[in-house]
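In: Generate coordinates for the sequence data below:
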Amino acid sequence: MALELIQARHQSAIHDSRKLFAIDERFHAQLFARATSQREYPLLHQLRDYYADATLLLGDLPRLHAELERLTAQFTERTQVREFSRFVAQAIADGDNLYATAD
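Out: Here you go, the predicted model:
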């Protein structure tokens, strides 16, 4: 089971999208062990509940990307957080929203 972020223009298109990023429980725990302040990481905190769906709109994604960039420095092994950041950057470039689904 993973929390999947699906890139799509509209929620009705998420089942057709092949662009997704899976956040496993271990990575999720690592993110929130570092992003403890909801005030400092408000968009990331929309994904705090691993078992709940969430929507991150295109207009919010640049701020989410900035939150991830700040958080990257707190990781020793940065591969996953950088991949997550690149995924968000691609969604911005494509003009899509992100839909988190707890599968």
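In: Could you use CA atoms for every contact and neighbour count after this?
Out: Fine.
In: Give me the residue ranges of this protein where confidence is low.
Out: Flagging of the chain using pLDDT under 70 yields the residue ranges 103.
In: at 50 what do you get?
Out: Scanning the chain for pLDDT under 50 picks out nothing.
In: Just list what the helix with the most length in it packs against, helices and strands only.
Out: Using DSSP state H to define each element, the chain has its longest helix at helix 79-94. With contacts taken as 3 or more CA pairs under 8 Å, 6 or more residues apart in numbering; DSSP states H and E, helix 79-94 sits against helix 61-72.
In: what does the helix it packs on contact?
Out: Residues outside helix 61-72 that contact it (CA atoms under 8 Å, 6 or more residues apart in numbering) are 34-35, 40-41, 43-44, 78, 81-82, 84-85, 88-89, 91-92, 97.
In: which one of those residues is nearest Ser12?
Out: Asn97 (11.6 Å; CA to CA).
In: how near is Ser17 to Arg26?
Out: Computed as CA to CA, to the nearest Å, the Ser17 to Arg26 distance reads 25 Å.
In: Could you do Glu77 as well?
Out: Distance from Glu77 to Arg26, by CA to CA: 13 Å.
In: Would you mark the buried spots in stretch 95-103?
Out: By neighbour count on 16 or more other CA atoms under 10 Å, the buried set for stretch 95-103 is Asp96, Asn97, Leu98, Tyr99, Ala100, Thr101, Ala102.
In: okay, those in JSON lines with secondary structure next?
Out: Formatted as JSON lines, the buried residues of stretch 95-103 follow (DSSP: H, G, I helix; E, B strand; the rest coil):
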{"residue": "Asp96", "secondary structure": "coil"}
{"residue": "Asn97", "secondary structure": "strand"}
{"residue": "Leu98", "secondary structure": "strand"}
{"residue": "Tyr99", "secondary structure": "strand"}
{"residue": "Ala100", "secondary structure": "strand"}
{"residue": "Thr101", "secondary structure": "strand"}
{"residue": "Ala102", "secondary structure": "strand"}
